[in-house]
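# After the sequence you'll find the predicted model.
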Amino acid sequence: MKYFIILFLQLTIIIGGCYPDSLKYQLGFGTRSIEGTILEEGGNLPESKSFIVVVEYYSRFIKFENEPPIYAPKARLVFPDKNGNFFISFDLKASSIDLAFVSSEYSMERFFFHRQLGIGKLSYDARLVKSNAWKNEFFLQIGPYLNKFILEQRYKMPDSQQMFLGNWLANIRKEFTDKKNN
């Protein structure tokens, strides 16, 4: 048992040494949650309301010869509280998680993490950067990224959350149209 604990601690230190300074973690048997805060680059709360697109990937036992494994995604939205704090439960059956932090007039920030043995809880603070080319980013990156969760049923996003995304996208497009007409 003593050797198991020493090996476990050594593996955790080696694995944990690969992460950026912005990512903090606590020891555990498997990653169960991610928590943090959404802030502007300067440390203030974003001026516009934020949300997080959470996509968990579940590995399937089907693997064809000379091909990568097949993963089934499942998406949902998480909304931070009024102080920008968020908590995301990482499903124990999922093998990886992709987070996209979205806020109007800010560049989208993405965070991808594979479940790790030895890492129990992650703490990640998203730093959103105000975009100088918000309209271009919206039409070329953010809009298409969010549209796929509405159009593609393989993500199994709840209908109410798909409706939220559709309304949010429509409101942003309306803002651009109103500015153009003025």
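Cool, the structure landed.

# and the longest helix anywhere in the chain, what does it pack onto?
Secondary structure of the chain read by DSSP state H shows that its longest helix is helix 159-181. Other elements packing on helix 159-181 under the criterion 3 or more Cβ pairs under 8 Å, 6 or more residues apart in numbering; DSSP states H and E are strand 71-78, helix 143-151. Where C-beta positions appear, they are placed from N, C-alpha and C, glycine not excepted.

# Following element in sequence after the shortest one, please.
Read that as strand 71-78. strand 85-89 (DSSP states H and E).

# Alpha carbons of that following strand, in PDB - could you do that?
C-alpha atoms of strand 85-89 as PDB (Å, rounded to 0.1, in the frame of the first residue of the first chain):
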ATOM      1  CA  ASN A  85     -18.000  32.300 -10.700                       C
ATOM      2  CA  PHE A  86     -18.900  29.000 -12.400                       C
ATOM      3  CA  PHE A  87     -19.000  25.300 -11.400                       C
ATOM      4  CA  ILE A  88     -19.000  22.500 -13.900                       C
ATOM      5  CA  SER A  89     -19.600  18.900 -12.900                       C
END
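
# What are the contacting residues of that strand?
Contact partners of strand 85-89, identified using Cβ atoms under 8 Å, 6 or more residues apart in numbering, comprise 32-38, 52, 54, 78-80, 97, 99.

# can you check stretch 122-133 too?
22-26, 31, 33-41, 46, 50, 99, 101, 103, 105-107, 109, 111, 113, 137.

# do that again at 6 Å, thanks
With Cβ atoms under 6 Å, 6 or more residues apart in numbering as the test, stretch 122-133 has contacts from 23-25, 34-41, 46, 101, 103, 106-107, 109, 137.
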